[in-house]
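K.L.:
no sequence for this one, just the structure:
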């Protein structure tokens, strides 16, 4: 391991065997003179890794590992002063095998190491996750080692300011990996101690606000079939505001870029309508209070890809497909709702389009003031495909213009044109007994109207290319003349 300035090199070797144990030996070499710096060091276990600490590379972390897989594993951490060739502080010993190491603080002043140990790999209840924080200047551990039962559920999540960490574990029945219980703990990194108490539940998740001062905890209780959410002060571990409760199974949690607002969705089955219903609640993460009232939307939330914030995070767009019973007609409708992040109210009546998303979620256009929607429709009775295109005004939640209907599938994602996206180009290929043809359609995203179209022989070779000023589209298609002959055609569409 060479320092950033290449003035020092840290060399590690190890010897021994599984029966008698391993020893890692360390030496710091002055790369200018070739002379060893210091007398050399040794750490029990075999070398598992070395890492430079800090920009000036005046410290290095050496991690060694000893033991067999299981609860008898030991991870050892030694901080080496590469200037003097001496160890800083004493070796820190952690039960288990390290699976996550993060360098934190200004200039890498702290390092956080997480290990896992277990009695049975197939029983997560026998797992223990341990976390320790080491001061890289002194080589000493800060606080005590924190332990949490369960198998790791990803690595620790660190707040933006590097002072707090969230650690999550999960417990499932033997030989299963779908968690019955999740546990989340908040750690004070500078002191290496837990903040508040451990939260546990059937499906628990946690996330920091953008400034790291708040933590949003969400949980789903499988027995009661309710979703709860609470905001925690990351400095004290105390709850801020009241706990929010939503009926049904938690489906999504999304936060605005600045972390000041969060949207939580759950779903439950309505036996009267025989459809799922999505509930949406907004939380002010600074105060821990709900923003407005809970909204009930027909259909089920279809994943975080279908919850979008506008560029300024003033509105949330949520799409909920409502599935039809049977398969003899259009199988679903896509319902699009705009919610104000200021007061939690729905903007307008929203929009209902038959079909589902194939090319991706809606696209924000025209400087974020419009929403371009494209759905793919399959009619089970007629066995035909078609497409719908519509434009929604974000500010009012109402449709602009009328829904455009195309008698073919549009499988390419629309291409936004011009700097502010006031036009969009749709391209799709059709086939007939005469061969392939490509159709290009331009939609004005301010008015929701079709403003241009072009039909070109052949199928699309690749997605259309747009000129830098957004006034022209270049389209390449391929026409198969025979099994071995293809003609490539280039067409230019004047857009505006």
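P.N.:
Now that the structure is in, tell me what you want to look at. The structure displayed is predicted, hence computed values, not measured ones. Numbering: from 1, shown residues only.

K.L.:
in stretch 150-160, what's buried?
P.N.:
150-153, 156, 158-159 (16 or more other Cβ atoms under 10 Å). In short, each C-beta sits where N, CA and C put it, glycine included.

K.L.:
Distance from the chain centre to it, please.
P.N.:
Chain-centre distance of stretch 150-160: 13 Å, with Cα atoms, centre = their mean, to the nearest Å.

K.L.:
which strands and helices sit next to the helix or strand where residue 99 lies?
P.N.:
Taking DSSP states H and E as the criterion, residue 99 maps to strand 97-104. Contact here means 3 or more Cβ pairs under 8 Å, 6 or more residues apart in numbering; DSSP states H and E; on that basis strand 97-104 packs against strand 46-53, strand 59-66, strand 110-117.

K.L.:
rerun that using 6 Å as the cut-off
P.N.:
strand 110-117 (3 or more Cβ pairs under 6 Å, 6 or more residues apart in numbering; DSSP states H and E).

K.L.:
Who are the packing partners of the strand it packs on?
P.N.:
strand 97-104, strand 128-135.

K.L.:
hang on, the earlier thing: which other residues reach the strand holding residue 99?
P.N.:
Residues from elsewhere that reach strand 97-104, judged by Cβ atoms under 6 Å, 6 or more residues apart in numbering: 73, 75, 110-116, 155, 162.

K.L.:
out of those, which is most surrounded?
P.N.:
Neighbour counts for these (other Cβ atoms under 10 Å) peak at residue 75, which has 27 neighbours.

K.L.:
ok, it to residue 117 distance?
P.N.:
The gap separating residue 75 from residue 117 is 9 Å, by Cβ to Cβ, to the nearest Å.

K.L.:
Name the surrounding residues that touch the helix or strand hosting residue 337.
P.N.:
Here residue 337, judged by DSSP H and E, is contained in strand 332-340. For strand 332-340, the external contacting residues (Cβ under 6 Å, 6+ apart) are 297-299, 315-323, 346-347, 350-354, 356, 375, 394, 397.

K.L.:
hmm, 7 Å instead?
P.N.:
280, 295, 297-299, 315-324, 346-348, 350-357, 362, 373, 375, 392, 394, 397 (Cβ atoms under 7 Å, 6 or more residues apart in numbering).

K.L.:
List buried residues within those.
P.N.:
Buried among the contacts of strand 332-340 by 16+ other Cβ under 10 Å: 280, 295, 297-299, 315-322, 346-347, 350-351, 353-357, 362, 373, 375, 392, 394, 397.

K.L.:
pLDDT at residue 185, what is it?
P.N.:
The model reports residue 185 with a pLDDT of 92.

K.L.:
residue contacts, it?
P.N.:
Shown in contact with residue 185 (Cβ under 7 Å, 6+ apart): 146, 148, 167, 194, 198.

K.L.:
Now do the strands in the stretch 351-496 of the chain.
P.N.:
Assigned by DSSP state E, counting those that start in this stretch, the strands in the stretch 351-496 of the chain fall at 363-365, 370-379, 384-393, 398-406, 415-417, 423-432, 435-444, 449-457, 459-460, 465-466, 472-480, 486-494.

K.L.:
brain fart, the stretch 101-250 of the chain
P.N.:
Ranges of strands within the stretch 101-250 of the chain are 110-117, 128-135, 141-149, 151-152, 157-158, 164-171, 181-188, 193-201, 203-208, 214-221, 226-233, 239-247, 249-255, based on DSSP E, counting those that start in this stretch.

K.L.:
In CSV, list those strands along with distance to residue 102.
P.N.:
Shown next, in CSV, are the strands of the stretch 101-250 of the chain (distance: least, Cβ to Cβ, whole Å):
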stretch, distance to residue 102
strand 110-117, 5
strand 128-135, 10
strand 141-149, 14
strand 151-152, 14
strand 157-158, 6
strand 164-171, 8
strand 181-188, 12
strand 193-201, 17
strand 203-208, 15
strand 214-221, 18
strand 226-233, 21
strand 239-247, 27
strand 249-255, 22
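
K.L.:
Relative to residue 306, which of the ones you listed is closest?
P.N.:
Among these, the nearest to residue 306 by Cβ to Cβ is strand 249-255 (8.5 Å).

K.L.:
I'd like the average pLDDT over that closest one.
P.N.:
In this model, strand 249-255 carries a mean pLDDT of 88.

K.L.:
What lies in contact with that strand?
P.N.:
Contacts of strand 249-255 (Cβ under 7 Å, 6+ apart): 203, 205, 207, 218, 220, 225, 227, 261-267, 301, 303-304, 307.

K.L.:
Any quick ChimeraX command for the buried ones out of these?
P.N.:
Burial among the contacts of strand 249-255 is assessed by 16+ other Cβ under 10 Å; the matching ChimeraX selection reads:
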select :203,205,207,218,220,227,261,262,263,264,265,266,267,301,307
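
K.L.:
where does the stretch 101-250 of the chain dip in pLDDT?
P.N.:
The stretch 101-250 of the chain contains residues with pLDDT under 70 at 175-179.

K.L.:
Just list whatever residues bridge to residue 356.
P.N.:
Taking DSSP bridges as the rule, residue 356 bridges to residue 376.

K.L.:
Would you agree it is in contact with residue 374?
P.N.:
No - look at residue 356 against residue 374 with Cβ atoms under 7 Å: they stay out of range, at 10.3 Å.

K.L.:
Okay, the residue nearest the centre of the chain and residue 251: tell me how far apart.
P.N.:
For the chain, residue 304 is the residue whose C-alpha lies nearest the centre (Cα atoms, centre = their mean; 9.0 Å). Distance of residue 304 to residue 251, computed by Cβ to Cβ: 9 Å.

K.L.:
again with residue 158
P.N.:
Per Cβ to Cβ, residue 158 is found 26 Å from residue 251.

K.L.:
Just give the number of residues close to residue 173.
P.N.:
Close neighbours of residue 173, defined as other Cβ under 10 Å, add up to 13.

K.L.:
How about it, nearest residue that isn't a chain neighbour?
P.N.:
Spatial nearest neighbour of residue 173, chain neighbours left out: residue 180 (6.6 Å); criterion: Cβ to Cβ, 6 or more residues apart in numbering.
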